[in-house]
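Trainee: Need a 3D model of the following:
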Amino acid sequence: MSADGEHSPTRFAVWRNLVGIATGLSVIVGVLISMTQLVEWINDSKRANVAARLDAFAHVETFLQADAAVRRRGRRFVKEGLPQILPRLETLVAQAGNGEDFYLSPALEDFAAVHHHYEQMGALVKLGYVEFALIFEIVAYPDDYFRAVKPVRDAIAAHWKGMGQPLKDFGANIAYLKSCYEKSRQAAPQPPSCPAP
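Mentor: Below you'll find the model as predicted:
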């Protein structure tokens with residue numbers, strides 16, 4: 001203070017400068033702390049993402065192990081069952097009463113197992129429970145099988161609820177899965193992806 005009780009301009013300027021420096025330092029420290037927390041959050045997110053992927057892969061691995069057995073059943077059906085069914089397809093559906101009962105009949109046991117497997121795989125991909133890129137890399141879509149059994153699928157769908165009473169979305173998840181494979185095959189070398197559901 002000066003003799004007349006007023007603050008000297010130099011002391012005020014010093015205090016003002018010190019307050020400015022302290023304020024600047026607190027902002028810098030706040031930014032550093034925020035950056036540290038952001039980096040930590042990103043690292044935690046990455047670890048959680050890897051853990052979730054590994055957990056999902058464990059479930060997918062079990063599912064994929066079943067794929068080999070399902071493929072064998074599909075090949076057996078095409079070689080042994082399909083030649084017996086195709087010439088009498090409409091008659092067999094009519095005898096069963098509807099497409100659903102025909103689908104659940106012993107004659108279509110292998111067909112139903114394959115259909116269910118790929119329908120489930122398509123649903124898991126469509127709903128985002130399984131990344132399609134993983135499926136694409138380790139499961140070859142059985143184009144030949146589905147081409148061969150198309151008449152059976154069409155007959156079942158056309159008469160699911162009764163003769164002439166269709167189930168229009170029968171095999172819809174398989175069709176979606178097929179569209180994912182088709183899009184990804186055409187887009188190579190881009191990462192595998194699916195069309196919007």
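
Trainee: where are the low-confidence patches of the protein?
Mentor: Judged by pLDDT under 70, the chain has its weakly predicted residues at 1-9, 43-44, 46-59.

Trainee: which stretches of it form helices?
Mentor: Ranges of helices in the chain, per DSSP state H, are 9-76, 82-85, 89-96, 99-103, 109-126, 132-138, 143-158, 172-187.

Trainee: for those, which one ends up most surrounded?
Mentor: Highest mean neighbour count among the helices of the chain (mean count of other Cβ atoms under 10 Å): helix 99-103, with a mean of 21. (Each C-beta comes from the backbone N, C-alpha and C, glycine too.)

Trainee: what about dumping the CA coordinates of that one to PDB?
Mentor: Provided in PDB are the C-alpha atoms of helix 99-103 (Å, rounded to 0.1, in the frame of the first residue of the first chain):
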ATOM      1  CA  GLY A  99     -46.100 -77.300 -45.500                       C
ATOM      2  CA  GLU A 100     -45.300 -77.100 -41.800                       C
ATOM      3  CA  ASP A 101     -46.200 -80.800 -41.200                       C
ATOM      4  CA  PHE A 102     -44.200 -81.800 -44.200                       C
ATOM      5  CA  TYR A 103     -41.200 -79.700 -43.000                       C
END
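
Trainee: and that helix, what does it pack onto?
Mentor: Packing partners of helix 99-103 (3 or more Cβ pairs under 8 Å, 6 or more residues apart in numbering; DSSP states H and E): helix 89-96, helix 109-126, helix 143-158.

Trainee: Serialize these to JSON lines and add fields for distance to Val29.
Mentor: Putting those into JSON lines (distance: least, Cβ to Cβ, whole Å) gives the following:
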{"stretch": "helix 89-96", "distance to Val29": "76"}
{"stretch": "helix 109-126", "distance to Val29": "48"}
{"stretch": "helix 143-158", "distance to Val29": "62"}
